[in-house]
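[1] can't give you the sequence, but here's the structure:
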């Protein structure tokens, strides 16, 4: 899937916010430590069978890339969140988003970016902007018919990031 769009001025904050928003599973207030990443499946309580990591249940890296591309396309068209920031390198931002979601969901990727608080300091991201990003993520997941369980698991990983990203009283 090829990805093309012309970013608006607010796009940098929106994309960086999502990039960092999507890393809740591997980044909280501090950068992740490699030892913290779960790599082995855990036993499912009801059946005793191994539970696949969310990364695998989402469809692996190709599925994550498709969702990220759809998400970025949606964000690029939303004037509520794309009108005040310029994007330096869309391919690099895309790569980081994929990397972050991959690592945050238990995949084999490594995220090397900054923690949420540091990365968003001074950007003045509002609750409305953050909620719009979440809405676009949900829309992208829905487009690809991501099952409710996987969607909810991903959103549960991401939800706690709000306090590190939003900078309004």
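    That came through fine. Just so it is clear, the structure is predicted and the values come from calculations on it, not from any experiment. Residues are numbered from 1 along each chain as shown.
[2] show me where this protein has helices.
    11-21, 54-58, 60-76, 79-82, 90-104, 116-120, 127-143, 148-158, 162-165 (DSSP state H).
[3] Tell me which of those helices is the most buried.
    Mean neighbour count (mean count of other C-beta atoms under 10 Å) peaks for helix 11-21 among those, with a mean of 25. Backbone N, C-alpha and C define where each C-beta goes, glycine included.
[4] returning to what we had before: just put the helices of the chain in a markdown table and tack on mean pLDDT and distance to residue 110.
    As requested, the helices of the chain are arranged in a markdown table below (pLDDT from 0 to 100; distance: least, C-beta to C-beta, whole Å):
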| stretch | mean pLDDT | distance to residue 110 |
| --- | --- | --- |
| helix 11-21 | 39 | 14 |
| helix 54-58 | 97 | 13 |
| helix 60-76 | 94 | 13 |
| helix 79-82 | 82 | 28 |
| helix 90-104 | 86 | 6 |
| helix 116-120 | 81 | 17 |
| helix 127-143 | 94 | 22 |
| helix 148-158 | 91 | 17 |
| helix 162-165 | 89 | 20 |
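[5] Ends of stretch 117-132, what's the gap?
    19 Å (C-alpha to C-alpha, to the nearest Å).
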